[in-house]
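predicted structure and sequence below. I'll ask about it afterward.
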Protein chains: 2
Amino acid sequence: MATIRDVARLAGVSVATVSHVVNGTHYVSPELRQRVLEAIEALNYRPNRLARALSRKAVPLLALVVPDISNPYWSCVARAVQDVVDRNGYSVIVCSTDGLLQREVRFLQSLSGWISGLILHAYHVTHEHIDPYMGEGVAVVIIGDFMAGHDQPRTWDHVRGDNEGGAQAAVEHLISLGHRRIAFIQGPAGTPSSTRRLTGFRRALERAGLPVLEELVVPGSYTREAGRAGTERLLAMPEPPTAVFCANDLIALGALEAAQQLGWQVPRDLSIVGFDDIDEAARARPPLTTIRQPPQHLGAVAAELLMERLSGRVEPRHTVLEFSLVVRESTAPPKPTAGR
Amino acid sequence: MATIRDVARLAGVSVATVSHVVNGTHYVSPELRQRVLEAIEALNYRPNRLARALSRKAVPLLALVVPDISNPYWSCVARAVQDVVDRNGYSVIVCSTDGLLQREVRFLQSLSGWISGLILHAYHVTHEHIDPYMGEGVAVVIIGDFMAGHDQPRTWDHVRGDNEGGAQAAVEHLISLGHRRIAFIQGPAGTPSSTRRLTGFRRALERAGLPVLEELVVPGSYTREAGRAGTERLLAMPEPPTAVFCANDLIALGALEAAQQLGWQVPRDLSIVGFDDIDEAARARPPLTTIRQPPQHLGAVAAELLMERLSGRVEPRHTVLEFSLVVRESTAPPKPTAGR
DNA sequence: CTGTTAGCGCCTTCAG
DNA sequence: CTGAAGGCGCTAACAG
């Protein structure tokens, strides 16, 4: 590997000049510039990124840690992050943890010291896990809720959606349509987002003076399959629900498929509402009523917070994204004869 | 951040001594050792990985680039790689490309210069993409087939399964059971693995003197959903196949579900065979007949090749993994009355 | 505008 | 066994 000195020697200039043309950090006369460029070409010189980072005291590498990059929600977040970050000259390493604490920690470990910033959706990980690995130097932004009962992000930036509020609004929409037997298909057990969406679900019911029917709250995960399974189970009940609120759009999409396959018409026989408003939600047939909290927005905001931090801001910022209810065609009043 | 000099000063020793106790690279008297350890503790000293890497001329970071980490096949490969690599003191960054050339290239770009080794399943990427980014210094091992028609891995290590042979064996198994109308649900269009499995499928048919019925070769992707969809399509034909060979186990699992949901009994009404033998294959009901080519093996071999390379081997190695046909309970002779 | 020089933080001979 | 000194490849002041 050729070094900057080799280039300087071949071009007959000093290393500083080479550095300047490489980094565009200073004016260099066209002639010298040309000679330098030729030398670089001839030697196939590539700056050593390690040395550069050590010298600049700044690593142009960022990490994004999410539970499941194959979930369209997260891949959308990732894309948004990359866009913002690219424009600022950083690269980002995306890590998928499958929601496993062990893998979350492992990533932090192996990344520690190699990145200057981190965007993290923490299923499990909390301050005590992160602090030892990510010291002073690194900027951390948390996306999504921390576990309830744990310390909330303190020194870091934090951006999250309003899970409780969104869930509540979704269920209130169903109630206002006249639904009384409303089911909830949950996300992965014990995760902050799903837990909070459940809270919102309960609250809406309580506020309307409706009972929370525990048998209509079924476990799940953030997948289409879980939506299918949960729906099949719900619709097989002696007294099935007339509406189902799903912890995210993927679940809702699965619910839609399952219901249709079983011969139920949506929304005539069953209303379905999702959460997030991923791209596919609008493309479903019927298009999905959902809580809009676009992942690209989340990703962009998180990345921007990170950029700000990296360029000097010190006081932590805590952002709650706004949501909106998007009423499309998967919800309608229940049939006059309740149940089936 | 405390540096090694701070520690040395506080402990009243030289930096070399600190370095030796940190790295266990030399005997240090118990007394000094203790003092150093205490200083490290007191200062919360952590070696700067960048500086260490620059000095040692060796980065302890590796990357694994795969199309889809949420696919159990690849996550299994990843786990195997991590195990091997961990034992050797390396960390590995896992990147999921979704099979997009753009993302493959982007990773190479951003990783270039930060890793000392790379394990890569290339859907699209070839020498011309990789060479510019991964120079002399980095060890590359390719897993799986390169695109046909492109240069095969030259200077790098290469480990792959026998896609053609495996597919051929699978189909021969079906033929030997008496099947004549055999369908194939493909993987993603144009990918090396799926293309080669199709070749094996064709060859088995041809060798047995059977016609290749093009309408029974349906497009797909390496997902359960594709298996479902393909199967629904096949079984809706006026003259449906009596057996279906799936480009991987995930597809086969989807096929199984779809067939059962449509009221077909497997294997009585339809034989199904998969490829790979992921863990779920044996747990399916009925357990899946498949081509065993265990991903953990692939991962382990790839990682070991990488380790060897990193510790000095120079001549490239090219390994073809053996496969075996695992006959379980998803295949049987066709019903006497062919078709349905 | 260009060249010289002193680090960045660590490792590693090489004397003592 | 321990400490001093040089170097990894690059950047950034600071002279000239």
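Right, received. Where do you want to start?

can you give me the strands in the stretch 1-150 of chain A?
Using DSSP state E, counting those that start in this stretch, the strands of the stretch 1-150 of chain A run over A:61-66, A:91-96, A:117-120, A:139-143.

which neighbours in the sheet does the helix or strand immediately after the last one in the chain have, and how are they oriented?
To tie it back to what came earlier, the one meant is strand A:139-143. As assigned by DSSP states H and E, the chain's next helix or strand after strand A:139-143 is strand A:157-160. With DSSP bridges as the test, strand A:157-160 is paired with strand A:139-143 (parallel), strand A:318-320 (parallel).

so for stretch A:111-124, mean pLDDT?
For stretch A:111-124, the mean pLDDT works out to 89.

from the chain's centroid, how far away is it?
Centroid separation between stretch A:111-124 and its chain, computed with CA atoms, centre = their mean, to the nearest Å, is 14 Å.

over to stretch A:312-321?
Relative to its chain's centre, stretch A:312-321 lies at 17 Å (CA atoms, centre = their mean).

just the CA atoms of it, as PDB, please.
Extracted C-alpha coordinates of stretch A:312-321, given in PDB (Å, rounded to 0.1, in the frame of the first residue of the first chain):
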ATOM      1  CA  GLY A 312     -21.400  20.200  18.700                       C
ATOM      2  CA  ARG A 313     -24.700  20.400  20.400                       C
ATOM      3  CA  VAL A 314     -24.400  19.300  24.000                       C
ATOM      4  CA  GLU A 315     -27.800  19.400  25.700                       C
ATOM      5  CA  PRO A 316     -29.800  16.300  25.000                       C
ATOM      6  CA  ARG A 317     -33.100  16.600  23.100                       C
ATOM      7  CA  HIS A 318     -36.100  14.500  23.600                       C
ATOM      8  CA  THR A 319     -38.600  14.400  20.700                       C
ATOM      9  CA  VAL A 320     -42.100  12.900  20.500                       C
ATOM     10  CA  LEU A 321     -43.300  12.500  17.000                       C
END
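
how about it: buried residues?
Neighbour-count burial for stretch A:312-321, counted by 16 or more other CB atoms under 10 Å in any protein chain shown, picks out A:T319. For every residue, glycine as well, the C-beta is placed using N, CA and C.

what about stretch A:104-115 and chain B, any contact?
Yes. Interface with chain B: stretch A:104-115 contributes A:106, A:109-114 (CB under 8 Å from any CB of the partner chain).

could you dump the residues you listed to JSON lines with distance to B:V171 and neighbour count?
Converted to JSON lines, these look like this (distance: CB to CB, whole Å; neighbours: other CB atoms under 10 Å in any protein chain shown):
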{"residue": "A:R106", "distance to B:V171": "41", "neighbour count": "17"}
{"residue": "A:Q109", "distance to B:V171": "46", "neighbour count": "13"}
{"residue": "A:S110", "distance to B:V171": "43", "neighbour count": "22"}
{"residue": "A:L111", "distance to B:V171": "45", "neighbour count": "22"}
{"residue": "A:S112", "distance to B:V171": "49", "neighbour count": "18"}
{"residue": "A:G113", "distance to B:V171": "51", "neighbour count": "21"}
{"residue": "A:W114", "distance to B:V171": "47", "neighbour count": "22"}
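
which residues touch A:D68?
A:D68 sits next to A:74, A:96-99, A:222, B:70 when contact means CB atoms under 8 Å, 6 or more residues apart in numbering or on different chains.

so of those, which ones are in helices?
Mapping those onto helices (DSSP state H) picks out A:W74.

out of the contacts of A:D68, flag the one nearest to DNA strand C.
Nearest to DNA strand C among those is A:T97, at 28.5 Å by CB to the nearest atom of the strand.
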